[in-house]
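Asker: this one's sequence-less:
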Ligand SMILES: Cc1cc2nc3c(=O)[nH]c(=O)nc-3n(C[C@H](O)[C@H](O)[C@H](O)COP(=O)(O)O)c2cc1C
């Protein structure tokens, strides 16, 4: 078995593959699904500091975890050192194995208030935020997730790495795109190599890992310690099974099909409905997962069109049944549907 170099302070995941923080997706049920498939470490979706400090139930729910949901990084986002210090402490109390500061989110709702990737345009504030969180969080590691800089021509990784080192960060995650790039174009993995050399400590690489081969290539090409997977894991938790197997030198495991697939999707939904405590709300919110689960299958286009009808568990079962029947009746060798990320709504 290969030795895992991913270490975040005392946190030693079983493999180097990390579920990304994905706002609106990586809640407790999705994390459990990905862990059971093989993810070594999971991040929560970003926990909005202001809302948490004001007692928002939704913000608190984002930190909810169970004994199985570890090791867990709780990610916090907010504009001021004081607020993030307070929220970082709350994350620690909520059971985080590490607290991560979001300095990479390019969404205007986040950056307009000076948080997320806006911190990369105000490096003194970036340093103040990291210092405040590091000081406030007493018992667990503190990490930071960044992009390369505000724009492609304003790359601030050198300063970011120095500040992360000087403020005692236990790891840096780099989504290898600039803030201005959003989610367009390709992630520039050479920037992961660069930040590893500049920071020296634990680096998690991130951006465009869609297959086991991509994950191993990122490890080998960049020298990063961990590989973070975001969009590729939505509706495909089995990507973690494939990553883990490839990393251990085992043959690629088959992706579940037919009944096994049906049961897996339904088990995710049932956890989600229990988590939200409302089956109808869960059915509505689960549609975005469903689209991704069925992508590439015959009948997926039809299912997308009939999504508004998925308002209950029973309707979800019917929709899934229809897709699987269409799949079973599809002519052999029918070309799979094009797979892009058009149906994933990025934070805007
Ligand atoms: C729907 C969505 C939500 C996201 N939410 C967060 C978030 O809460 N915190 C964060 O740091 N990054 C967030 N990101 C960025 C991802 O963590 C990741 O950096 C990005 O998707 C690139 O990785 P990928 O190519 O594997 O998807 C989000 C991305 C998407 C698509």
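Answerer: Alright, I've got the coordinates. Quantities reported herein were computed from a predicted structural model and do not represent experimental measurements.
Asker: quick one, what contacts residue 133?
Answerer: For residue 133, the contact set (Cβ atoms under 8 Å, 6 or more residues apart in numbering) comprises 76, 81, 84, 85, 88, 99, 101, 142. (Each C-beta comes from the backbone N, C-alpha and C, glycine too.)
Asker: now check the helix or strand harbouring the fourth one, is it near the ligand?
Answerer: Residue 85 is located in helix 81-93, with elements delineated by DSSP states H and E. No - using Cβ under 6 Å from any ligand atom, we find that helix 81-93 stays clear of the ligand, coming within 13.5 Å at best.
Asker: circling back: among the contacts of residue 133, who's most crowded?
Answerer: Most neighbours among the contacts of residue 133, by other Cβ atoms under 10 Å: residue 76, with 32 neighbours.
Asker: for the stretch 151-300 of the chain, which residue gets nearest to the ligand?
Answerer: residue 230 (2.8 Å; Cβ to the nearest ligand atom).
Asker: from memory that residue sits against residue 206, does it?
Answerer: Yes - between residue 230 and residue 206 there is a contact under Cβ atoms under 8 Å: 7.0 Å.
Asker: more crowded one of the two?
Answerer: residue 206 (27 against 23).
Asker: how about the residues of the stretch 201-348 of the chain near the ligand?
Answerer: Residues of the stretch 201-348 of the chain lying near the ligand by Cβ under 6 Å from any ligand atom: 206, 207, 208, 209, 229, 230, 231, 232, 344, 346, 347.
Asker: for residue 109, state which of the residues you listed is nearest.
Answerer: residue 347 (7.2 Å; Cβ to Cβ).
Asker: could I get the contacts of residue 133 as TSV with distance to residue 312 and pLDDT?
Answerer: TSV is the format used below for those (distance: Cβ to Cβ, whole Å; pLDDT from 0 to 100):
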residue	distance to residue 312	pLDDT
76	35	98
81	46	97
84	40	97
85	43	97
88	39	98
99	38	98
101	39	98
142	42	98
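Asker: need the max-distance pair from those.
Answerer: 81 and 99 (13.9 Å).
Asker: can you count the residues close to residue 342?
Answerer: With other Cβ under 10 Å as criterion, residue 342 counts 8.
Asker: before we move on, what SS does it have?
Answerer: coil (DSSP: H, G, I helix; E, B strand; the rest coil).
Asker: what sits against residue 213?
Answerer: residue 246.
Asker: and the pLDDT for it?
Answerer: With respect to pLDDT, residue 213 has a value of 98.
Asker: give me the element it is part of.
Answerer: Per DSSP H and E: helix 212-222 holds residue 213.
Asker: likewise for residue 74?
Answerer: Per DSSP H and E: residue 74 is located in strand 72-77.
Asker: just checking: what are the partner strands of that strand?
Answerer: When pairing is defined by DSSP bridges, strand 72-77 lines up against strand 41-43 (parallel), strand 47-48 (parallel), strand 98-103 (parallel).
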